[in-house]
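Q: Sequence and predicted structure are below.
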Amino acid sequence: EIYTRPNSMKFGTEQNPDATEFTDLITAARSIFLFDNSDPKGKLMLSFRKEWLSNVEDEFGKEWSPLKISARPLRRSEIVQAVVGPTTNGPMHATRLRTHYKLFVENELPERIAEFLLSDSDSPVAPMLQIILNRMWEAVRNQDPRRFTLQTFQSLNIRGDVVGDFLRRQLRNIEESLPSGDKPGLLLDLLEYHTSPLTTASEHSTQEIHQVYSNPDYPERQTTVDDLIRRCTDAKLLTTQLDDGETPVPRTRLIHDTLAPHVKSEVQDSAKPGQRARRLLMLKTGDDLKNDLLTIAQLRRLQSGRFGTRNYSLAIEDLIRRSKRRLYTQSTVIFGLFMAVLIGSWILVNRQTDRTIAAKLDGDSNEFHQFLISPDHNSRVVEVASRTYAESANKRNSVKARRAAMILARSDHDSEAASELLSSFLNSVEPQE
């Protein structure tokens with residue numbers, strides 16, 4: 001039994017988190033059965049999923065000739081027996097079960113459930129049967145006596161994807177029970193953390209969970225995660241138990257391996273910030289972390305998803321910093337170019353305006369008089385007129401100088417030109433051009 005849970009003191013590789021646990025098992029078994037002079041009284045029974053068969057055969061097949069028994073799916077008769085078990089007549093323990101559960105099973109129901117489960121040969125029969133019976137029990141648990149009927153089974157609206165439907169139903173119930181729902185996607189991220197690279201159930205200690213979710217920028221997230229663990233445990237998505245160390249530490253695990261692929265599927269389909277950020281991170285591996293940079297849209301996606309997913313690795317944080325520096329440099333250059341274009345355009349417009357004003361000062365008399373009586377002489381007109389007057393060598397006899405002085409006086413501009421004009425030329429006749 002000590003090898004049914006991951007080693008709490010050591011960790012395997014990222015690609016195979018169970019590697020260290022498996023190595024410990026091999027070492028212990030060899031020390032007992034191969035290197036001990038006394039032949040131990042007993043047999044070693046290993047139970048594992050079929051994807052581990054090649055590993056086990058590589059380690060044990062060389063010295064031993066084990067008897068291999070493949071665990072087949074439940075047969076029709078066994079499914080029927082599982083459904084009617086607590087209600088059958090028989091030994092004393094069956095009587096106690098009937099008295100305790102007070103359960104009645106309609107005659108046609110076991111065969112209908114067996115027919116439903118065996119209709120898909122690729123389905124995990126035992127986990128699906130467990131889910132179906134659990135949902136039926138929840139539907140009748142407050143009845144007295146409790147009755148499993150065809151109507152009860154049909155009212156559950158169970159589809160072919162029993163495990164996936166169970167996951168989605170439980171997720172929906174948990175989200176509805178949360179004060180503000182699960183908009184960041186933290187619930188799905190927590191469940192995905194409890195899956196392995198082999199798409200099986202994975203297990204983590206409380207310390208490991210705190211390490212990947214505690215963040216000083218989000219002090220409330222750890223409390224939220226602890227609450228989600230409790231809710232997932234109540235919803236039979238996670239199971240919590242103590243390890244066998246000197247100081248027992250709580251460990252949480254996805255309740256069944258068959259749930260793992262459905263969790264990963266939900267993560268892939270989710271549009272919540274946490275899952276969108278996690279999918280982006282999965283694309284940034286190896287050389288991409290060293291050589292690639294993130295776009296503004298990608299940086300925004302990672303920032304919006306921070307609360308809804310586990311802490312980013314140091315490599316990802318470094319990638320984010322480098323990308324921000326690159327974008328800041330680009331923004332500075334773009335802003336500089338924009339300002340250069342803006343200033344250049346402003347200079348060109350002012351020069352064109354100056355030429356237009358200068359043409360008025362040096363143009364036809366009637367045109368100038370219309371310009372002079374215009375109610376809107378802005379600062380640019382006054383500036384050009386003032387400069388023209390100052391640059392005129394013979395202010396008294398220059399037409400442009402007199403006209404510039406008129407504009408300054410007309411605009412109530414307090415200047416030397418206006419004073420001279422008022423004192424010397426205001427009542428004089430303008431010279432002929």
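A: Cool, the structure landed.

Q: Go through the chain and flag its longest helix.
A: Assignment by DSSP state H gives helix 314-361 as the longest helix of the chain.

Q: helices and strands around that one, which ones?
A: helix 287-291, helix 296-304, helix 365-372, helix 379-391, helix 399-410 (3 or more C-beta pairs under 8 Å, 6 or more residues apart in numbering; DSSP states H and E). Using the backbone N, CA and C atoms, a C-beta is placed for each residue, glycine as well.

Q: quick check, distance from that helix to the centre of its chain.
A: A distance of 36 Å separates the centroid of the chain from that of helix 314-361, by C-alpha atoms, centre = their mean, to the nearest Å.

Q: got the angle between that helix and helix 296-304?
A: 130 degrees (axes from the mean of the first three to the mean of the last three C-alpha atoms, to 10 degrees).

Q: Now do helix 314-361, average pLDDT.
A: Mean pLDDT, computed over helix 314-361, is 83.

Q: Just want the angle from it to helix 379-391.
A: Going by the same axes, to 10 degrees, helix 314-361 makes 60 degrees with helix 379-391.

Q: between helix 314-361 and helix 399-410, how many degrees?
A: Put simply, helix 314-361 runs at 110 degrees to helix 399-410, going by the same axes, to 10 degrees.

Q: Spatially central residue for this structure, please.
A: Central residue of the chain (C-alpha atoms, centre = their mean): residue 274, 1.6 Å from the mean position.

Q: Secondary structure element holding it?
A: In this assignment (DSSP states H and E), residue 274 forms part of helix 273-283.

Q: Contacts only, for the nearest residue to residue 83 once chain neighbours are set aside.
A: Distances taken as C-beta to C-beta, 6 or more residues apart in numbering put residue 110 closest to residue 83, at 4.1 Å, once the chain neighbours are dropped. By C-beta atoms under 8 Å, 6 or more residues apart in numbering, the contact list for residue 110 reads 79, 80, 83, 84.

Q: List the buried residues of the helix or strand where residue 110 lies.
A: Element membership of residue 110 [criterion: DSSP H and E] is helix 109-118. Using 16 or more other C-beta atoms under 10 Å as the test for burial, helix 109-118 gives 109, 110, 113, 114, 116, 117.

Q: distance of the third one from residue 138?
A: Distance, residue 113 to residue 138, using C-beta to C-beta, to the nearest Å: 16 Å.

Q: can you check residue 196 too?
A: Between residue 196 and residue 138 the computed distance is 29 Å (C-beta to C-beta).

Q: Which of these two has more residues huddled nearby?
A: Legend: neighbour count by other C-beta atoms under 10 Å for residue 196 and residue 138, higher for residue 196 (18 against 10).

Q: any idea how far the residue nearest to that one when sequence neighbours are not counted is from residue 124?
A: Among residues not flanking residue 196 along the chain, residue 202 sits closest, at 4.2 Å (C-beta to C-beta, 6+ apart). From residue 202 across to residue 124, the span is 18 Å (C-beta to C-beta).

Q: Might one say that residue 311 is in contact with residue 209?
A: No - counting by C-beta atoms under 8 Å, residue 311 does not reach residue 209; the two are 11.3 Å apart.

Q: Comparing the two, which shows the higher neighbour count?
A: For residue 311 versus residue 209, neighbours defined as other C-beta under 10 Å are more numerous around residue 209 (21 against 16).

Q: what's that one in contact with, if anything?
A: Per C-beta under 8 Å, 6+ apart, neighbours of residue 209: 193, 225, 229, 252.

Q: hmm, 10 Å instead?
A: 190, 193, 194, 222, 225, 226, 229, 250, 251, 252, 310 (C-beta atoms under 10 Å, 6 or more residues apart in numbering).

Q: Just the buried ones from these?
A: The neighbour count (16+ other C-beta under 10 Å) marks 190, 193, 194, 225, 229, 251, 252, 310 as buried among those.

Q: taking the residues you listed one by one, which sit in helices?
A: Judged by DSSP H, helices contain the following of those: 190, 193, 225, 229.

Q: which of the residues you listed sit farthest apart?
A: Of all pairs drawn from those, the greatest distance, 10.6 Å, lies between 193 and 229 (C-beta to C-beta).

Q: quick one: common contacting residues for the two?
A: Common neighbours of residue 193 and residue 229, using C-beta under 10 Å, 6+ apart, are 209, 252.

Q: For residue 25, the count of nearby residues, please.
A: When counting by other C-beta under 10 Å, one arrives at 18 neighbours for residue 25.

Q: Quick check: it touching residue 32?
A: No - using C-beta atoms under 10 Å, residue 25 makes no contact with residue 32, being 11.1 Å away.
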